[in-house]
Structure formats: structure tokens, C-alpha cells
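S.K.: task: produce atomic coordinates for the following.
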Amino acid sequence: MNNQTPTDEQTAILTRLFGVAGLPILITGGGRGIGAMMAEALVRAGARVYIVGRSAEVLTKTAASLSEHGHCVAIVGDLSAEQGIESVVARYGEHETSLHALINNAGTVWGAPIEEYSGERFAKVLTVNLVAPFELAVRFLPALRASASAGNPARIINVGSTDGTLPPRYETYAYSASKAGLHMLTRHLAHRLRHENIVVNTIGPGLFETKMTAFRFRTDEAAAEARAEIPVGREGSADDAGGAALFLCSRASAYITGAVLPVDGGYASLR
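M.R.: Numbers count the residues shown, from 1 in each chain. Got it, this is the predicted structure:
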């Protein structure tokens, strides 16, 4: 095993390529699940992280825990309502005048047999998963532009899903449609903002153990069945989610825009 201490040169290049220290980053749905995993990695790397969610209790607990390792502030807001989006933007503005990265991670899901899948439920899922990311991107443009530079662009990072690429086996029609729409919205925004030093990309997660996917881990047999569907044989970890976020927020990804980065153990490409 090589336990050699990194040289100054090695540390310098890692900092230049992957350093995010001091950069302001906002993550919606950052109180739990994949959002909290990304938030932890970015906080520990020195970013000034703001996490957004509906539950003050969940956000406060997560922010308090992450604040032991760096800068993390909770912003409570309901992204399913226009006034909630306005409140999030305004409260962020009380802390920062610029925004390096907007990570649109908040999402919701609902499933039901097709005959029982109401238009009202369909619209609610689309509002949170697709409309809100667009609204936030538009409203945060002034702050993103204030941070953007040719050498280190500002970022919009949307969190999609393998369900936006492959039809899922579950009857979650609005969820898969919203994620497929989010993937295209990423490309559209990337094209529109390509001359403004703002890059736009998507993280496409596969299976992670979260509140949303808890039913897939309800028994050892169910978990084994879920893992058997993934080419690498396991669910995603906190390092997998955090590493993807760190890469897309850092200088190392400055030449990438309009892309979907699969973080799915090969699920969408090797099945």
C-alpha cells in the first residue's frame, strides 16, 4: 500500500481541477437522500452550501450536522408553488450576491394503475420535477451570471433519472415523463446559455437507497433482486452521488455542457 504524502504539485493540480472551496452552491431537495449526499461532499470540500426543502425539521437537522464540517445553511421553501420559489430566491439573496452552481435535485413521485392515474397528480409531479427547475434556473440567472467566467463557468446541474432514459417497470408515468423532459431541458438551456459562461448538465442517477426507493430494500430478498438488475451489482453510495456533484461543480468539467452523466452502475447502457 502506498501511504506517501501528496507532493505540493499533486495537491495544487487537484485543487485547481477539483477545488470548490468558497464557491456558493444551492441544492434543492438537499435535506435527505441524494441531495444530502451531494451536500455533504461539497460542504466537506469547502463550498458554501445552501440546502432547500419543504421540511424545516429535516433541513435544520441536516444543516446542523453538515455545519460541523463547513458552511451549510437551510432554506425552507415549497417548490410546487410560485411563492415558494420566490421565497427561496429571496432568502438566498440575503446571504449571497452570486451563485456558482444551482443543483436542481428536488423531486417527487407518484404511482398508480393507469386507469387511476389522475391528471391532477400528473401535473403536480411535473410541477416539482420539471417546471420548478426551469423557474429556478430563470430566477437565478442574475446570480449565476455574476459568478460566471470563461475559466470557471457557472453551473446549472439537473438531477434526472434512469427512468427518464428507459421505461420503468412501475406505473409512475409522470415521474418518468418529467425526468425525460428534464434531460431535454438541460440540452435546451445549455444551448441557450452557451455564450454566457454558464454550463448546464444532468446527473442521471440509478438506484440509490433513499426514502423514495425504500420499498426496493424492504426485505433482503427485494434488495438482492434490485441489485441483480444493476450491472455492477450494487446500489449507488454517498461517494458516488457526491463525487458526481463535485466533478460537475469543479473546473474539471468546465468544457462539458448539455450532457447527461449516468451514475447508475451501467443500468442504462449495459442492460
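
S.K.: convert the C-alpha atoms of the longest helix seen in the chain to PDB, please.
M.R.: Secondary structure of the chain per DSSP state H: the longest helix is helix 173-192. What follows is helix 173-192 as a C-alpha-only set of coordinates in PDB (Å, rounded to 0.1, in the frame of the first residue of the first chain):
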ATOM      1  CA  TYR A 173     -46.000   7.800 -15.600                       C
ATOM      2  CA  ALA A 174     -45.500  11.500 -14.600                       C
ATOM      3  CA  TYR A 175     -42.100  10.800 -12.900                       C
ATOM      4  CA  SER A 176     -40.500   9.100 -16.000                       C
ATOM      5  CA  ALA A 177     -42.000  11.800 -18.300                       C
ATOM      6  CA  SER A 178     -40.800  14.600 -16.100                       C
ATOM      7  CA  LYS A 179     -37.200  13.200 -16.000                       C
ATOM      8  CA  ALA A 180     -37.100  12.700 -19.700                       C
ATOM      9  CA  GLY A 181     -38.300  16.300 -20.100                       C
ATOM     10  CA  LEU A 182     -35.600  17.400 -17.600                       C
ATOM     11  CA  HIS A 183     -32.900  15.800 -19.700                       C
ATOM     12  CA  MET A 184     -34.100  17.700 -22.800                       C
ATOM     13  CA  LEU A 185     -34.500  20.900 -20.800                       C
ATOM     14  CA  THR A 186     -30.800  20.500 -19.900                       C
ATOM     15  CA  ARG A 187     -29.800  20.500 -23.500                       C
ATOM     16  CA  HIS A 188     -32.100  23.400 -24.300                       C
ATOM     17  CA  LEU A 189     -30.700  25.500 -21.500                       C
ATOM     18  CA  ALA A 190     -27.200  24.500 -22.400                       C
ATOM     19  CA  HIS A 191     -27.700  25.700 -26.000                       C
ATOM     20  CA  ARG A 192     -29.300  29.000 -24.900                       C
END
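
S.K.: in it, what counts as buried?
M.R.: Within helix 173-192, the residues scored as buried using 16 or more other C-beta atoms under 10 Å are 173-183, 185-187, 189-190. (Each C-beta comes from the backbone N, C-alpha and C, glycine too.)

S.K.: which parts of the stretch 51-200 of the chain are helices?
M.R.: 56-66, 82-93, 119-126, 132-139, 141-147, 173-192 (DSSP state H, counting those that start in this stretch).

S.K.: so which of the ones you listed comes closest to Ser269?
M.R.: Among the helices of the stretch 51-200 of the chain, the nearest to Ser269 by C-beta to C-beta is helix 173-192 (14.4 Å).

S.K.: SS state for Gly204?
M.R.: Classification of Gly204 by DSSP: H, G, I helix; E, B strand; the rest coil places it in strand.

S.K.: residue contacts, it?
M.R.: Neighbour list for Gly204: Gly160, Ser161, Thr162, Gly164, Thr165, His183, Val260, Leu261, Pro262, Val263, Asp264, Ala268 [criterion: C-beta atoms under 8 Å, 6 or more residues apart in numbering].

S.K.: can you tell me the centre-most residue of this structure?
M.R.: Asn105 (3.7 Å; C-alpha atoms, centre = their mean).

S.K.: distance of that one from Phe208?
M.R.: 12 Å (C-beta to C-beta, to the nearest Å).

S.K.: just Ile51 next, same as before
M.R.: Counting by C-beta to C-beta, the gap from Ile51 to Phe208 is 17 Å.

S.K.: what of Ile75?
M.R.: Taking C-beta to C-beta, one finds Ile75 at 23 Å from Phe208.

S.K.: show me where the stretch 151-271 of the chain has its strands.
M.R.: 154-159, 198-205, 260-263 (DSSP state E, counting those that start in this stretch).
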